[in-house]
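Engineer: Quick check, what structure comes out for this input:
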Amino acid sequence: MSASACYTTGRYRAGRVWLGERVAERLVRDAQALGLAALDPADVLARLVALGRASFGDGAGVVRLEARAGGELVASTRPLGPEPETWRAIAARVVHPGPGPAPGAKRAGVAELASARAEAQAAGVDEALLFDAARRLVEGARTNLALALADGRWLTPPAARGSVRGVALEAALAAGVSLEERDVSRADCLAAREIVATNAVRGARAIVVLGSASVGDGRPGALQAALAAALARG
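Structural biologist: Now for the predicted structure:
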């Protein structure tokens, strides 16, 4: 199996990458699954830390390594940018393509995710939620998603629908947060008590507005608190 590239992204601050071992292991796992290269996780993590130190010193920023065929690693950084405590989101117009090569891999150049990110930027919001052709929620353009329903259940869309295996979601699950994998419809999203977006740069962010409607009471709740607490131990 082969593909053009995969990548991993992490949050650097003062000499370390948050959830660094998981961030590095993701690139190793995905590069192997896509037939790109055999990488060493300790080397990947050392490269990420060195990249952050060279770019941000004792400060903070985002570090990224992309693995390409033949073992080539391409490094880049960017500032953290604004970090609102709560997020606004839209439902993307673009349809999620479903599982691709090496399901769960964080592949570079996925056109639908790039289009959804552009939709979010154009709308002036923080995230865009992608649904598949059967109108089932899959993931955010740059995050995994968790929902608290009105009946009290905590859910996340099944990984089999094609979402990236996100570092932050995996870390939260490993730390004991219990999420049921279940298909989620647009109606479920609109009726949810909470929607929380997670990734290895931003952590757990409550989506309090979806489109023009408030999510729940428009404030972070117990699900966001549980995910944030689990990630704080990472």
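
Engineer: What about the nearest residue to P157 once chain neighbours are set aside, how many residues nearby?
Structural biologist: Excluding the flanking residues, the one nearest P157 by C-beta to C-beta, 6 or more residues apart in numbering is L137, at 4.9 Å. Placement of C-beta: from N, CA and C, glycine included. Burial of L137 is recorded as 26 neighbouring residues (other C-beta atoms under 10 Å).

Engineer: R93 too?
Structural biologist: Applying other C-beta under 10 Å, we find 11 residues neighbouring R93.

Engineer: got the contact list for the helix or strand harbouring E25?
Structural biologist: According to DSSP states H and E, E25 maps onto helix 20-33. By C-beta atoms under 8 Å, 6 or more residues apart in numbering, the residues outside helix 20-33 that reach it are 1, 6-10, 17, 37-42, 44-45, 48-49, 65, 67, 102, 104-107, 165, 167, 170-171, 200, 234.

Engineer: what does stretch 166-180 give?
Structural biologist: 8, 10, 19, 22-23, 26, 143-144, 146, 153-156, 198-200, 203-204, 226-227, 230-231, 233-234.

Engineer: I only care about the residues you listed that end up buried; give me the PyMOL line for that.
Structural biologist: In PyMOL, a selection of the buried entries from the contacts of stretch 166-180 looks like this (16 or more other C-beta atoms under 10 Å):
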select buried, resi 8+10+19+22+23+26+143+144+146+154+155+156+198+199+200+203+204+226+227+230+231+234
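
Engineer: Please list the members of the contacts of stretch 166-180 that lie in strands.
Structural biologist: 8, 10, 144, 146, 154-156, 198-199, 203-204 (DSSP state E).

Engineer: Between those, which sits nearest V125?
Structural biologist: Sorting the ones in strands among the contacts of stretch 166-180 by how near they are to V125, with C-beta to C-beta, puts N199 at the top with 15.7 Å.

Engineer: got the contact list for the closest one?
Structural biologist: 9, 142-144, 166-168.

Engineer: Can you name the two of the residues you listed that sit furthest apart?
Structural biologist: Pairwise distances across the contacts of N199 (C-beta to C-beta) peak at 13.4 Å, for the pair T9 and N144.

Engineer: If I follow the layout properly, R219 ends up in contact with V209?
Structural biologist: No - the pair R219 / V209 is not scored as a contact, 11.1 Å apart, by C-beta atoms under 8 Å.
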